[in-house]
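S.K.: Turn this into a model:
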Amino acid sequence: MFGRFKFMHKFKKIGLVLLVSASLFFSFREVDDYYFEVSKNLDIFTTLFREVNTYYVDSVEPGALMKTGMDAMLKSLDPYTVYIPESDIEDYKMTHISAEYGGIGALVQSRNGEIEISELYEGFPAQKGGLQVGDRILSVNGISTQGKKVDEVTNVMKGQKGTSVKFTLRREGFAQPIEKTIVRDEIKFKNVPYFGMVGPHTGYIHLTQFLENAAQDVKDALVTLKKDTAMTSLILDLRGNGGGLLREAVDIVNLFVGSNQKVVSQKGKIKEMNMEYFASKPPVDTVIPLVVMIDRGSASASEIVTGSLQELDRAVIVGQRSFGKGLVQQTYNLSYNTLLKVTIAKYYTPSGRCIQALDYSHRTKEGAVGKVADSLITEFKTKNGRSVFDGSGVYPDVYTDPSYYSPVVVALLNNYLIFDYSSKYFREHPSIAPASEFTLTATDYMAFEQFLQGKKYDYTDRSELKLDELKSALEKDKHFDRLKSEYEAMKNEMAANKKQDLSNHRDEIREVLEEEISSRYYFEKGRIQTELKNDSDLKRAVGVLSDQSLYTAILRGDGTYKVIGKPGSEAHAKAVKEREENRED
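M.R.: Numbers count the residues shown, from 1 in each chain. Model prediction:
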């Protein structure tokens, strides 16, 4: 019996060795097969590229052809993995890393084949040198802008600090072109374009991007606000903030939580890329009641800040569901001074949830990307035991309905009529009231209606679209002939109602006009201040902070605040409906 046991034991050991050997064999074989596939396809690609360049009937630009191939290849992965040629590196750094560059501090837009100044930044050379929003740029340094693209003109406008750039402009009200010579300077856009008080006791910080020094900018604003002893609560506005540098997001969370608190982690295919980020600096204020405002445009670093503060029960989140970008990118140098920005990991908030909403690893045959299925969404817990869920962005604790521009406002904006009237108003009014107080009078609005006379701004509203859908359905079901008179009556009634849209949507149009006009006098800061006057979401946030019992109940998870954004819940259903409406628009 003992001998049999020894034999079986020996046999098991031999079997284990064979099993391990077989496993290693197939493992190595899989690796070999993988690298063979890589080598084979690189060879195919190289020979294909060579033969096309040699034999294609027309002349081929090798660089452009290769970039098209690389862009298409990377597009099949996700929208954030991109190739950056040498010519685009400076723009990339300015957009994604540092908001600092040599230039004049103006934005331009293309309109009817001409280049027009669309925005000026306060305190920079363009504004100091007398350029105005609405000026048409005829030439830059003697080079005509006719038919040029925006980036072609802005590339000439940028340059080394201290050098000059000469503009020839056409300005409304001037018979002859105007010439301006502007000396370039170091341009640095603000991460925090505005902060101030939005109530007797509530401070407000508007953060628009997470570029270099974003955390320091927020800290400086917070420290300044705290000098006012009346301030007892704070709102951090991240609406429309598409993100930026992860480190800045960590440091912003660190302003409100104690040291050594884990803020976010990242996990990828390569273990060396797996990292955890902790609050490592002394905080500024760990107790002040805090609301973070988000919307559909809040993404990436904005979601790290929002998700972390929500899970640590350090802030109440107000607004709509965030975008849902839980992917981390890293840049790598390629040959000939080019770059690759590639997704290397997913990030996870302190509880372990990933808020990535779209699954790029699984596409349909047509290449479409779907959202993470509700059945795969997992529940996580905040520090106080509230339920939050992964796979679909950050859901707010207090949901607010999104606002949309009416079709008439969209038409007025798209046809530059709001823009042009604001420029006209600026020319005719030397000054206006402070941005936070500026209001258009009834006479001003009548002047705007007169300005629109004879101007074209056709549009189709949603009811007209639905009526067209009804007509198609009636025709398909052979009912239209019988109901044609009723259809025509409804269509005529709608057309008559549209003529009243300037009156029906007076308040909305007036608000948009006030914001645009305010920006002419007080620039970006003024636009924000004027916009905040009529901001219903901001009023909701102030209301939450004004009700200490409500604020505490939300963070404690009382009643309906125990579960946030559960699939099938009211908040989840609203977010899904919002997404569908947005797609339809």
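S.K.: which non-adjacent residue is nearest R353?
M.R.: On the basis of C-beta to C-beta, 6 or more residues apart in numbering, the spatially nearest residue to R353 that is not a chain neighbour turns out to be D390, at 3.8 Å. Quick note: C-beta positions are derived from backbone N, CA and C, even for glycine.
S.K.: Quick check: Y101 vs L211, distance?
M.R.: When distances are taken as C-beta to C-beta, to the nearest Å, Y101 and L211 turn out to be 12 Å apart.
S.K.: can you count the residues close to the residue nearest to R353?
M.R.: The local packing of D390 (other C-beta atoms under 10 Å) involves 23 other residues.
S.K.: what residues are up against it?
M.R.: 353-355, 372, 377-378, 380 (C-beta atoms under 8 Å, 6 or more residues apart in numbering).
S.K.: List the buried residues of stretch 297-307.
M.R.: Buried residues in stretch 297-307, defined by neighbour count with 16 or more other C-beta atoms under 10 Å: 298-307.
S.K.: typed the wrong thing, it's stretch 523-542
M.R.: Of the residues in stretch 523-542, those buried by neighbour count under the rule 16+ other C-beta under 10 Å are 523-533, 535, 537-538, 540-542.
S.K.: pretty sure A435 belongs to a helix, no?
M.R.: No. Counting by DSSP: H, G, I helix; E, B strand; the rest coil, one finds A435 to be coil, located in no helix.
S.K.: which residues does it contact?
M.R.: Under the criterion of C-beta under 8 Å, 6+ apart, the contact list for A435 reads 518, 521-522, 525-527, 529-530.
S.K.: Kindly list the main-chain dihedrals of the residue nearest to the spatial centre of the chain?
M.R.: Centroid-nearest residue in the chain: G242, 3.2 Å away (criterion: C-alpha atoms, centre = their mean). Taking degrees, to the nearest 10, you get phi -80, psi 0 for the backbone angles of G242.
S.K.: quick one: it and D295 touch, right?
M.R.: No. Counting by C-beta atoms under 8 Å, D295 is not a contact partner of G242; they are 11.3 Å apart.
S.K.: Neighbour count for Y101 and L211, which is higher?
M.R.: The residue with more neighbours, out of Y101 and L211 and counting by other C-beta under 10 Å, is L211; that gives 24 against 18.
S.K.: for stretch 148-160, what is the average pLDDT?
M.R.: Averaging pLDDT along stretch 148-160 gives 91.
S.K.: where's it relative to the chain centroid, distance-wise?
M.R.: The chain centroid and the centroid of stretch 148-160 are separated by 24 Å, computed with C-alpha atoms, centre = their mean, to the nearest Å.
S.K.: Then stretch 97-109?
M.R.: Its chain's C-alpha centre and that of stretch 97-109 lie 19 Å apart, by C-alpha atoms, centre = their mean.
S.K.: Compute the first-to-last residue distance for it.
M.R.: From the first residue to the last, stretch 97-109 extends over 23 Å; the measure is C-alpha to C-alpha, to the nearest Å.
S.K.: Stretch 279-289 now?
M.R.: Across its full length, stretch 279-289 reaches 19 Å between end residues, using C-alpha to C-alpha.
S.K.: Which SSE is immediately downstream of the longest strand along the chain?
M.R.: Across the chain, the strand with the greatest residue count (assigned by DSSP state E) is strand 338-348. On the C-terminal side of strand 338-348, the nearest following helix or strand under DSSP states H and E is strand 358-363.
S.K.: any idea how far that next one is from the chain center?
M.R.: Computed by C-alpha atoms, centre = their mean, the separation of strand 358-363 from the middle of its chain amounts to 20 Å.
S.K.: Mind listing the strands that strand pairs with, and their directions?
M.R.: For strand 358-363, sheet partners with direction are given as strand 369-371 (antiparallel), following DSSP bridges.
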